[in-house]
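Visitor: Whatever this is, show me its structure:
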Amino acid sequence: MFRALLITSLILFSSTAMSAPYLGKCLVNFTGDSTLHEFPGTGKCDSFRVDIENGAPLQLLGPVTVDVPVSTMDTDNSRRDKKMREMFDSGQFPHIRAKIYPEDINSQLATIGESNSVESFLTLRIRDTEHRIPVRITGITQMDESLNFRLNFDLSLKSYGLEPPTLLGLIRVDDRVELDIDMALSTL
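Guide: Purely as a prediction, here's the structure:
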């Protein structure tokens with residue numbers, strides 16, 4: 001009986017010792033274009049939790065949800081920012097939500113050693129519309145207690161039912177937006 005309990009304890013300990021919870025943070029950089037000029041913008045995500053199997057290769061243990069409050073998005077132009085928040089209907093939909101599922105990323109994580117970038121997918125929800133979109137993961141660096149990488153993708157505002165903002169009926173924001181999201185994970 002004692003032997004069975006000891007073996008069970010060792011198995012449970014070894015399986016949990018290989019996984020680690022991480023605290024995630026991110027900085028969103030986006031680039032839009034308009035009939036007048038290109039413009040940059042930033043945003044910050046809420047802190048989030050990620051459970052990762054730390055073997056070789058790394059494996060995501062469950063879905064990861066990342067929320068970006070629309071209120072944190074800034075283009076350094078108050079009029080444009082007001083129009084952007086109206087477009088997102090931030091009063092009713094205060095967050096943009098991204099979800100990454102293990103089945104979309106784990107097989108790609110096995111190829112990290114071959115190159116420092118992988119192609120994957122994430123599910124992006126803006127207002128009440130959700131799409132699974134391709135993303136490129138680059139700059140993957142792992143230290144003892146941290147994991148950093150960048151997500152690159154672009155999206156169509158119209159595909160989410162959004163009408164790109166205009167100013168005075170003359171200046172119109174383009175439909176396509178490019179995003180670079182710097183992700184920083186550290187062990188809890």
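Visitor: Which strands border the strand or helix carrying residue 134, and is each parallel or antiparallel?
Guide: Secondary structure from DSSP states H and E places residue 134 in strand 129-142. Strand pairing for strand 129-142, determined by DSSP bridges: strand 117-126 (antiparallel), strand 146-156 (antiparallel).
Visitor: Which of the ones you listed sits closest to residue 59?
Guide: Among the strands paired with strand 129-142, strand 146-156 comes nearest to residue 59, with 12.3 Å by Cβ to Cβ. Where C-beta positions appear, they are placed from N, C-alpha and C, glycine not excepted.
Visitor: Let me know the next secondary structure element after the closest one.
Guide: As assigned by DSSP H and E, the chain's next helix or strand after strand 146-156 is strand 166-167.
Visitor: per-residue confidence averaged over the strand or helix carrying residue 178?
Guide: Using DSSP H and E, residue 178 falls within strand 176-187. Average pLDDT, strand 176-187: 96.
Visitor: Same check on stretch 118-132?
Guide: Mean per-residue pLDDT for stretch 118-132: 95.
Visitor: And for stretch 93-108?
Guide: Across stretch 93-108, the average pLDDT comes to 91.
Visitor: With stretch 25-36 instead?
Guide: Throughout stretch 25-36, pLDDT has a mean value of 94.
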